[in-house]
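> can you look at this prediction? I've put the sequence above it.
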Amino acid sequence: MDADAPRGPLVETKIDGSIGTIVLDNQERRNALSKMLIDEIVKALAQFEGQQVRVVILRAHSGVKVWSAGHDVSELPEGGRDPLGWDDPLRYLVRAIEEFPAPVIALLEGGVWGGACEVVFACDLIIASPAATFAVTPARLGVPYNVSGMLTFMNACTLRILKEMVFTAKPLSAERAERLGIINHMVPAEKIEAFVLEIAQDIVENAPLSISVMKEQLRMLAGAHPMSPRRFERVQGLRRIVYDSDDYEEGIQAFKQKRKPRFSGH
Ligand code: LCV
């Protein structure tokens, strides 16, 4: 496909009763979370909010091998600038999901990579097919993940499991994720859509205001980690060393050149 050709929508959306569904629809780029794709998801969420949708299902097409390949690497800044700053589209999407006034359910099939893991972990419920996997990949690219993103991950699993995921950058299976309580349910692919719709309908039948306020309370309580300005500044200084490093540059170049990175530690 001609890279410059105008492309149709990158997501499909629909509303059935009080249930809104967003389908990631950019398979040729493995649903990489580009600014364009993220803008369409955020726009859909805003429309759903305007129409008092009571549950959102965020999914890819049935049978995908890759749910999302994570942050669009071609949009990462080349050194000298924080790659995951406040205004990065990925950060914006995570906040939009966390602040959406109704539950967002991630329906997963296929691989979830990098920043897409944070997007999924920011969702309120996660239901995955056995083929789904979760790979947290900053170390694979030499990226210094940001503080609120690490907190999203910390709220999704124990510190020891998170360390294994971030240090190895290897995919974690849906079976193990369910066993560890990282996801709510693992459901066979042929049954997952009906299963998710049933849970969504259960939620729709309850009081939306009560649910919305409990979701916001839990967001505030889960984010209530005291970090002094001094500590925050120290973390930002450490992160700058990483995104100014040769290794950050090498990670991105290696990805673009489709080769294994050779990290020097500088
Ligand atoms: C841009 C892509 C991408 C992509 N960006 O298909 O968490 S952090 O800190 O790491 C954060 C910064 C982050 O999220 O970084 C991204 C982390 N993601 C990954 O490391 C996964 C990178 N992608 C892959 O490993 C493979 O694409 C998977 C295994 C997901 C799928 O492999 P498959 O063989 O099915 P291709 O690799 O051939 O990808 C198809 C097209 O999508 C592009 C890729 O460059 C290719 O484009 P071309 O046909 O132009 O070569 N693509 C894939 N992922 N994250 N573009």
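Happy to help now that I have it. Numbers count the residues shown, from 1 in each chain.
> rest of the way, CA atoms for contacts and neighbours
OK.
> all helices of this structure, in order?
35-50, 89-99, 115-122, 138-141, 147-154, 159-168, 174-179, 189-204, 208-222, 229-243, 246-256 (DSSP state H).
> want to throw those helices into JSON lines with mean pLDDT?
Below are the helices of the chain laid out as JSON lines (pLDDT from 0 to 100):
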{"stretch": "helix 35-50", "mean pLDDT": "98"}
{"stretch": "helix 89-99", "mean pLDDT": "97"}
{"stretch": "helix 115-122", "mean pLDDT": "98"}
{"stretch": "helix 138-141", "mean pLDDT": "97"}
{"stretch": "helix 147-154", "mean pLDDT": "96"}
{"stretch": "helix 159-168", "mean pLDDT": "98"}
{"stretch": "helix 174-179", "mean pLDDT": "98"}
{"stretch": "helix 189-204", "mean pLDDT": "98"}
{"stretch": "helix 208-222", "mean pLDDT": "97"}
{"stretch": "helix 229-243", "mean pLDDT": "96"}
{"stretch": "helix 246-256", "mean pLDDT": "96"}
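> return the most buried member of these.
Most buried of those, by mean neighbour count (mean count of other Cα atoms under 10 Å): helix 115-122, with a mean of 25.
> same for that one, what does it pack against?
If you count contacts as 3 or more Cα pairs under 8 Å, 6 or more residues apart in numbering; DSSP states H and E, helix 115-122 packs onto helix 89-99, helix 147-154.
> quick one: low-confidence ranges for the stretch 1-150 of the chain?
Along the stretch 1-150 of the chain, segments meeting pLDDT under 70 span 1-6.
> make JSON lines out of the helices of the chain and add distance to the ligand.
Output for those, formatted as JSON lines (distance: least, Cα to the nearest ligand atom, whole Å):
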{"stretch": "helix 35-50", "distance to the ligand": "11"}
{"stretch": "helix 89-99", "distance to the ligand": "9"}
{"stretch": "helix 115-122", "distance to the ligand": "4"}
{"stretch": "helix 138-141", "distance to the ligand": "3"}
{"stretch": "helix 147-154", "distance to the ligand": "9"}
{"stretch": "helix 159-168", "distance to the ligand": "9"}
{"stretch": "helix 174-179", "distance to the ligand": "16"}
{"stretch": "helix 189-204", "distance to the ligand": "19"}
{"stretch": "helix 208-222", "distance to the ligand": "21"}
{"stretch": "helix 229-243", "distance to the ligand": "11"}
{"stretch": "helix 246-256", "distance to the ligand": "7"}
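> Asp82 is nearest to which of these?
Closest of those to Asp82 is helix 229-243, at 6.6 Å (criterion: Cα to Cα).
> distance between the closest one and the chain's centre?
23 Å (Cα atoms, centre = their mean, to the nearest Å).
> for the stretch 1-150 of the chain, what lies in contact range of the ligand?
28-30, 32, 66, 69-74, 113-115, 136-138, 141, 143, 145 (Cα under 6 Å from any ligand atom).
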